[in-house]
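Enquirer: Sequence first, then the predicted structure, then my questions.
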Amino acid sequence: MSEKEKKTNEGERKEGFGHISRREFLRDAGLVIGGSTMGSIAFASETEAQQQVKESDVAKDPCSEESADITTIELTVNGGKYGFRVEPHWSLRQLLRDEIGLTSPKDWCGGHGACGSCTVIMNGRPVLSCLTLACECDGAIIETAEGIAKAKHPIIQSYIKWNAFQCGYCTPGFVTTAKALLDRNPDPTEADVRDALAGNLCRCGTYQQHPPAVLEAAEALKRK
Amino acid sequence: MKTWKKFAHVNAGTVDEAASILKAGKAAIIAGGTDILGTMRFEILPDYPEILVNIKTISDLDYIKEESGMLRIGALTRLEDIAKSDVVSAKYTALAEAAHRTASPHIREMGTIGGNICQLTRCWYFRNPDNRFNCLRKGGRTCYAMAGDNRYHSIFGAVKKCLAVNPSDTAPALVALNARIKTNKRLINAEQFWDVAVPGSTILDMDEIVTEIQVPTPTKGMKSSFIKFAIRKSIDFPIVNCAAMVGKKDARICLNAVHNKPYRALKSEELIKGKSINEKNADAAGAAAVEKARALPGDRNKWKIQIARTMVKRAILACA
Ligand code: FES
Ligand code: FES
């Protein structure tokens, strides 16, 4: 995409969708806004990027007014601090996607906890964001595939090299799960990798590509 | 993705606080959440909880320690932590292996041992979305598996007319290891812990909460094992699983997913006790385990009998 095309594209998106412009912003800035009554919520630090957020970039507070049971949570996502007002019945996946605009946690099995495509790393554990209540994530440290890519973790290059995906829908779930494994076990065997990835489904059948990709990322990490 | 209907949410600070909310009714406990949140999202039960009581906020319920001849595991301990624990793997092998074979890695990272033993049945009539089959376990009058597709159902008959099976992997391991389950009210022998309730699968009162699992350290010479037959190696619930603890003087063998409660294979225990563990003896014990097994009319679940027999045999052989 040329620079100009890119601009127009973004311009259109900005006009069309408040959420998307916010998402683009977040992706580029690497942080940091939450539900809309942001003013009332404490943030870790006011950065230049934050000051650039326009009123219009912020979605309407999705907590319905009447709901008595709104809690405020603070969490760290991909290194950025966020504050949110959440209702009890929100999933973490919903919060990450709809409020922060991180689209890597997918929904494949419809929230049965059966596919692993919605995996994020929470406090070091690979967990299913579809079966996690947002209101229980106060204080959590969360990493999504976006954060892993942004940090230039070797797993990304190694997945590309090994063609560990076809359509890519399952990939963020695999990447987060594999990263969580490598964080805990820098020197995994092939059996360890297979074991750790056993809960991730891939409709395209890329299974064979994952163990070598993860093992190679482990090697790359050791050289670092 | 289906979103949840609304509910209130309370972070409990103590077990007593959680119990008092439960006592008031219309409330349910959430620990790992992997079972309760599924039942709620798909509205499989006629009643939707008004309040979810989060017990993860209670401190001191997440531990694995071995002291004075006993392994003690806090109810909130994640299955993955049990599977990875060196002390559990070394001396309580059946439990470590059962935890390791439960569900998928992600669910083991979230799911707790307390939740695993309290989970509801996976009977596909029971689990059908929107309470499509208001079966016996939901206060209805019919067990739909009786006349319906019962290929995964009980081979040891019904309990209170329900043919569903208990799907827990850790349950048979706890029975084989002669564990006890501590709640805020009492100490229960693992064998007596499960029951056919509406809609639960345990004998627990409405305001009773599992707080600890206690497993006596197996005496010298005893070895334990767990094996599982499932359609896929990961993620799936068991078609049949089996845990065994066998040594010179004693033997305890327990099947699960074959009956409404974990099924102790007493006859097999008698046969293998004191005998050498070999192909022939293990096979005889396997055959004895299914002596009382009967396929349901139509023979749809007959295949499970052969599998149960083989699971018992292999679990015994693994204790050699
Ligand atoms: S969407 Fe399938 S496990 Fe979460
Ligand atoms: S790459 Fe298509 S689902 Fe895995």
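Expert: Yes, it's here. Ligands and ions are numbered 1, 2, ... in the order given.
Enquirer: B:I51 against B:K6, yeah?
Expert: No: in this structure B:I51 lies outside contact range of B:K6 using CB atoms under 8 Å: 11.0 Å. For the C-beta atoms, the positions are set from N, CA and C on the backbone; glycine is no exception.
Enquirer: Now for B:K91, how many residues are close by?
Expert: 18 (other CB atoms under 10 Å in any protein chain shown).
Enquirer: so what's it up against?
Expert: Counting by CB atoms under 8 Å, 6 or more residues apart in numbering or on different chains, B:K91 makes contact with B:66, B:71, B:217-218.
Enquirer: could the residues you listed go into CSV alongside secondary structure and neighbour count?
Expert: Below are the contacts of B:K91 laid out as CSV (DSSP: H, G, I helix; E, B strand; the rest coil; neighbours: other CB atoms under 10 Å in any protein chain shown):
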residue, secondary structure, neighbour count
B:E66, strand, 17
B:L71, strand, 23
B:T217, coil, 16
B:P218, coil, 21
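Enquirer: Now do the strands in chain A.
Expert: All strands of chain A, identified by DSSP state E, fall at A:71-77, A:80-86, A:119-122, A:125-128, A:141-143.
Enquirer: Chain B: which of these is closest?
Expert: The closest approach between chain B and any of these, judged by CB to the nearest CB, belongs to strand A:125-128 at 4.2 Å.
Enquirer: who touches the residue in chain B that chain A sits nearest to in this structure?
Expert: Distances between chain B and chain A by CB to the nearest CB are smallest at B:S104, namely 2.6 Å. Counting by CB under 8 Å, 6+ apart, B:S104 touches A:113-114, A:116, A:198-199, B:234-235.
Enquirer: hmm, which two among the residues you listed are most spread apart?
Expert: A:G113 and A:A198 (13.8 Å; CB to CB).
Enquirer: ok, the residue in chain A that chain B sits nearest to - how many residues close by?
Expert: In chain A, the residue that lies nearest chain B is A:G199 (2.6 Å; CB to the nearest CB). Here the count is done by other CB under 10 Å, and A:G199 has 24 residues near it.
Enquirer: any idea how far it is from ligand 2?
Expert: The spacing between A:G199 and ligand 2, counted by CB to the nearest ligand atom, to the nearest Å, is 14 Å.
Enquirer: B:C242 now?
Expert: If you measure B:C242 against ligand 2 using CB to the nearest ligand atom, the figure is 34 Å.
Enquirer: Which pLDDT value belongs to B:A320?
Expert: Note on B:A320: pLDDT of 94.
Enquirer: who touches the spatially closest residue to it that is not a sequence neighbour in this structure?
Expert: Using CB to CB, 6 or more residues apart in numbering or on different chains and skipping residues adjacent in sequence, the residue nearest B:A320 is B:I277, 4.2 Å away. By CB under 8 Å, 6+ apart, the contact set of B:I277 is B:246, B:316-317, B:319-320.
Enquirer: What backbone torsions are found at B:I277?
Expert: Main-chain dihedrals, B:I277, degrees, to the nearest 10: phi -90, psi 100.
Enquirer: thinking again about what came up before, which one's more surrounded, B:I51 and B:K6?
Expert: The neighbour count for B:I51 versus B:K6, taken as other CB under 10 Å, is higher for B:I51 (19 against 14).
Enquirer: For the more buried one, grab phi and psi.
Expert: For B:I51, the backbone dihedrals are phi -130, psi 130 (criterion: degrees, to the nearest 10).
Enquirer: cool, the one 3 residues further on as well?
Expert: Backbone dihedrals for B:N54, given as degrees, to the nearest 10, come out at phi -80, psi 120.
Enquirer: just checking, it touches B:F7?
Expert: No: using CB under 8 Å, B:N54 is not in contact with B:F7, being 11.4 Å away.
Enquirer: can you tell me the distance between the two ends of stretch A:189-203?
Expert: For stretch A:189-203, the separation between the terminal residues is 25 Å (CA to CA, to the nearest Å).
Enquirer: How about stretch B:134-141?
Expert: 8 Å.
Enquirer: Repeat that for stretch B:288-295.
Expert: Stretch B:288-295 has an end-to-end distance of 16 Å (criterion: CA to CA).
Enquirer: Run through who's touching it.
Expert: Contacts of stretch B:288-295 (CB under 8 Å, 6+ apart): B:155-157, B:253, B:255, B:258, B:265, B:267-268, B:270-271, B:301-302, B:305, B:308-309, B:312.
Enquirer: quick check: mean pLDDT across it?
Expert: Per-residue pLDDT over stretch B:288-295 has a mean of 98.
Enquirer: Just give the closest residue to B:L174, not the sequence neighbours.
Expert: Excluding the flanking residues, the one nearest B:L174 by CB to CB, 6+ apart is B:A190, at 4.2 Å.
Enquirer: The one you found contacts B:I181, correct?
Expert: Yes: with contact defined as CB under 8 Å, B:A190 and B:I181 form a contacting pair (6.0 Å).
Enquirer: Could you name every residue contacting both of these two?
Expert: B:L174.
Enquirer: who has more neighbours, A:G113 and A:A198?
Expert: Using other CB under 10 Å as the criterion, A:G113 and A:A198 rank with A:G113 on top: 27 against 19.
Enquirer: Name the nearest residue to that one, sequence neighbours excluded.
Expert: Among residues not flanking A:G113 along the chain, A:L131 sits closest, at 4.7 Å (CB to CB, 6+ apart).
Enquirer: contacting residues for the one you found?
Expert: With contact taken as CB under 8 Å, 6+ apart, A:L131 is in contact with A:91, A:111, A:113, B:33-34, B:37-38, B:110.
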